[in-house]
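Colleague: show me the folded form of this:
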Amino acid sequence: MGTYALIPLVRLASRTVLVIGLFYLFHTRGIVLGIFTAPSIAFFICLFLSFRLLPRNHLPLDQPFRKHFAFGFWIYISEALQGMIVWLITVLSKITIQDLTIVGYFGVGVQICFSLTLLVYFINESLLPSQVEFHIVNDSRFKDSLKWAWKYTNLLLFPLVVGGYVLAEPFVSFFIGKDYLSGSLIIKLFFPTVIFFSSVRFHNQILFVYERKMKIFLVQFINLCLFLSAWYYLIREKEINLAPLSLCFGALIAYLVALIYSHKIVKVKDYVPNLFKPLIAAAVMALGVNLFKIHSLPELILAVLGGFLLYGFSLLLFRAVGKEDLKIWKEFLHSVKISRYKRYFLNEKKR
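Modeller: This is a model prediction of the structure:
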């Protein structure tokens with residue numbers, strides 16, 4: 001499961017490196033090549049690892065095949081709708097307007113939105129197998145796992161989104177090019193969507209555990225319909241620069257729907273405190289980062305490091321993290337060390 005959870009990071013890292021690197025070499029074609037190459041790398045890694053895990057013996061299914069197929073079908077369609085929502089905004093901008101520079105801004109914004117959402121979902125997806133197991137055996141730790149997943153999702157999510165919004169202009173200037181600086185507003189408008197996309201994924205995880213496949217589909221279908229409605233409204237009003245807000249609007253309503261559906265099934269402990277405390281700490285971080293005058297790459301790095309230090313101090317100040325968190329981190333580090341020593345001991349024993 002550790003390897004499985006790392007696959008999204010492989011996709012994220014390869015996509016970032018390839019898109020930026022190939023863009024400098026082949027310009028627009030390089031971006032397209034990077035977008036297609038990155039998931040191909042992740043696919044072949046998954047293919048190689050999954051073949052090793054196939055069972056050698058054929059055992060009967062615990063349910064009829066049609067039930068497994070129906071569940072997987074609706075989950076797949078839901079994921080396809082989410083992917084369509086993310087990428088459709090760039091396609092629609094290409095069809096609607098002729099200025100390829102603006103289309104490029106939308107492409108960069110989508111890449112940032114997709115990558116950050118994938119990185120944040122890494123926490124939820126890594127806990128998903130445990131949550132399924134806890135639910136099946138009616139383990140009391142199920143609700144605790146939801147609480148910690150929600151908390152650490154927000155602890156990672158808000159500094160990335162708020163920090164990215166504040167530092168969008170210097171990042172665009174140093175890593176993409178000063179020629180694209182005028183489109184930083186479009187790129188910045190994608191950041192709020194990351195919050196709601198990540199929250200939708202969290203609540204869809206609860207629906208997944210309880211096998212509410214149709215509700216997962218309805219959440220994504222509502223998201224798509226409202227996104228398209230908001231998009232065409234903004235285009236009709238000739239507000240192409242504000243078009244990324246259509247993604248935010250659809251994701252916001254989808255989050256509220258998913259929240260209602262999942263809340264009827266199970267309530268997440270300390271939901272509101274674990275939402276607002278990291279958000280307030282991130283706002284304090286943003287105010288502090290705004291005091292930096294960034295004119296070079298080293299100054300940008302110092303601003304990022306200073307921002308995260310301020311964020312950590314704010315978390316302690318607002319009691320967003322405490323002794324329980326320190327205990328969890330110690331147990332995690334201890335388990336990693338034990339696993340490492342076990343592998344080393346087994347390898348030495350084989351020799």
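
Colleague: the residue most central in space within the chain in helix, strand or coil?
Modeller: Centroid-nearest residue in the chain: residue 117, 1.7 Å away (criterion: CA atoms, centre = their mean). Following DSSP: H, G, I helix; E, B strand; the rest coil, we place residue 117 in the helix state.

Colleague: dump stretch 267-285 to PDB, restricted to CA.
Modeller: Provided in PDB are the C-alpha atoms of stretch 267-285 (Å, rounded to 0.1, in the frame of the first residue of the first chain):
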ATOM      1  CA  LYS A 267     -20.300  12.400  11.100                       C
ATOM      2  CA  VAL A 268     -16.600  13.400  11.100                       C
ATOM      3  CA  LYS A 269     -15.200  14.300  14.600                       C
ATOM      4  CA  ASP A 270     -14.100  17.900  15.100                       C
ATOM      5  CA  TYR A 271     -15.000  18.700  11.500                       C
ATOM      6  CA  VAL A 272     -15.400  22.500  11.900                       C
ATOM      7  CA  PRO A 273     -12.300  23.100  14.200                       C
ATOM      8  CA  ASN A 274     -10.100  21.100  11.900                       C
ATOM      9  CA  LEU A 275     -11.400  23.200   9.000                       C
ATOM     10  CA  PHE A 276     -11.000  26.700  10.300                       C
ATOM     11  CA  LYS A 277      -7.900  26.400  12.400                       C
ATOM     12  CA  PRO A 278      -5.600  25.500   9.500                       C
ATOM     13  CA  LEU A 279      -7.400  28.100   7.400                       C
ATOM     14  CA  ILE A 280      -6.700  30.900   9.900                       C
ATOM     15  CA  ALA A 281      -3.100  29.800  10.300                       C
ATOM     16  CA  ALA A 282      -2.700  29.900   6.500                       C
ATOM     17  CA  ALA A 283      -4.200  33.400   6.400                       C
ATOM     18  CA  VAL A 284      -1.600  34.500   9.000                       C
ATOM     19  CA  MET A 285       1.100  32.900   6.900                       C
END
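
Colleague: what residues does that stretch touch?
Modeller: For stretch 267-285, the external contacting residues (CB atoms under 8 Å, 6 or more residues apart in numbering) are 143-144, 146-147, 150-151, 154-155, 157-159, 161-163, 307-308, 310-311, 314-315, 317-320. Any C-beta I mention is one placed from the backbone N, CA and C, and that applies to glycine too.

Colleague: and stretch 186-202, how far out from the chain's middle?
Modeller: 8 Å (CA atoms, centre = their mean, to the nearest Å).

Colleague: which among the contacts of stretch 267-285 count as buried?
Modeller: 146-147, 150-151, 154-155, 157-159, 161-163, 307, 310-311, 314-315, 318, 320 (16 or more other CB atoms under 10 Å).

Colleague: leaving out the residues flanking it, which one is nearest to residue 61?
Modeller: residue 68 (6.7 Å; CB to CB, 6 or more residues apart in numbering).

Colleague: now that neighbour: which helix or strand?
Modeller: Under the criterion of DSSP states H and E, residue 68 resides in helix 65-96.

Colleague: buried ones in that helix, by neighbour count?
Modeller: Result for helix 65-96 [16+ other CB under 10 Å]: buried residues 74, 75, 78, 81, 82, 85, 86, 88, 89, 90, 92, 93.

Colleague: per-domain residue ranges of this structure.
Modeller: 1-49, 75-272 (automatic domain parsing).
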